[in-house]
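>>> Provided below for reference: sequence and predicted model.
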Amino acid sequence: MRTDKRILPFILGAVAMLLAFFIWNSLTKKKDDQVQNDYYIITNQIKKMNKMVVMEQDFSSMQKTKITSELFGGMLPSMEKELITFTKTNAQVSYDLNKMKIDVDSTNKKLIIRELPTADITIIPSVEIQSMDDSFLDRFDQNDLQKITKSAKDNAYKTVNQERLRSEGRKQLLENLDHIFVLAKALNYKIEDHTGQIDSSKL
């Protein structure tokens, strides 16, 4: 009888310890599961973003070129030939999002923006000959056409306002990042910008 009285408290204590362990394990496991789930949702959203954020603009221009030539050392009246070219220019600003550095601190529930990618600008002009006015004695040769085409392309590069294009591309990049910010806020994550390039009102 005395033995039963000694064993009973031990058994009750062991049961209480097991119960406390299972309750604690269940609560911490749920918390860990939630943390892992939040981390997966945010990182998956980042991966789903396009590799490249691209802003495109198209420009077009006409260029008239006149070349005056003297025939037979000026013994005959000079002749003039004329060429009109149409230049279509495609300008792109792109960001390689693989170069963006974002840390997800799931323990402290923070989304840390450490580095944004730099812009890559690509300008692609294409030149078409719209009309050519020359004569049998004074034809446009290949050298003429190459010089005129190069001149048209050089003018196209100068026409593109790269700073404006870069600025508009940056706006597009930040709009894409807004999708991540909205998701992070919904999961009660605090957003920290270490780049100094993001409007604080969006954080």
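Great, that's in hand.
>>> Going along the chain, name the strands of this structure.
For the chain, applying DSSP state E gives strands covering 52-71, 76-96, 101-105, 110-115, 120-133, 190-193.
>>> What are the contacting residues of the third one?
Contact partners of strand 101-105, identified using CB atoms under 8 Å, 6 or more residues apart in numbering, comprise Tyr39, Ile42, Thr43, Ile46, Lys110, Leu111, Ile112, Ile113, Arg114, Glu115, Ile180, Tyr189. Every C-beta, even on glycine, is put in place using the N, C-alpha and C of the backbone.
>>> Now do it and strand 110-115, the angle between them.
160 degrees (axes from the mean of the first three to the mean of the last three CA atoms, to 10 degrees).
>>> strands paired with strand 101-105, and their directions?
Counting by DSSP bridges, the strands paired with strand 101-105 are strand 110-115 (antiparallel).
>>> May I have the partner strand as CSV, with CA atoms only?
C-alpha atoms of strand 110-115 as CSV (Å, rounded to 0.1, in the frame of the first residue of the first chain):
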residue,chain,number,x,y,z
LYS,A,110,11.7,41.8,-41.8
LEU,A,111,12.1,42.2,-45.5
ILE,A,112,15.4,43.9,-46.1
ILE,A,113,16.2,45.5,-49.4
ARG,A,114,20.0,45.6,-49.6
GLU,A,115,20.7,46.4,-53.2
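>>> Nearest to Gln172, out of the strands of the chain?
Of all those, strand 52-71 sits nearest to Gln172, with 5.0 Å by CB to CB.
>>> in its sheet, what does that closest one sit against?
The pairing partners recorded for strand 52-71 under DSSP bridges are strand 76-96 (antiparallel).
>>> Okay, angle between the strand it pairs with and strand 120-133 too, please.
Calculated by the same axes, to 10 degrees, strand 76-96 forms an angle of 160 degrees with strand 120-133.
>>> how about strand 76-96: buried residues?
Residues Lys81, Leu83, Thr85, Thr87, Thr89, Ala91, Gln92, Val93, Ser94, Tyr95 are the ones in strand 76-96 that count as buried (16 or more other CB atoms under 10 Å).
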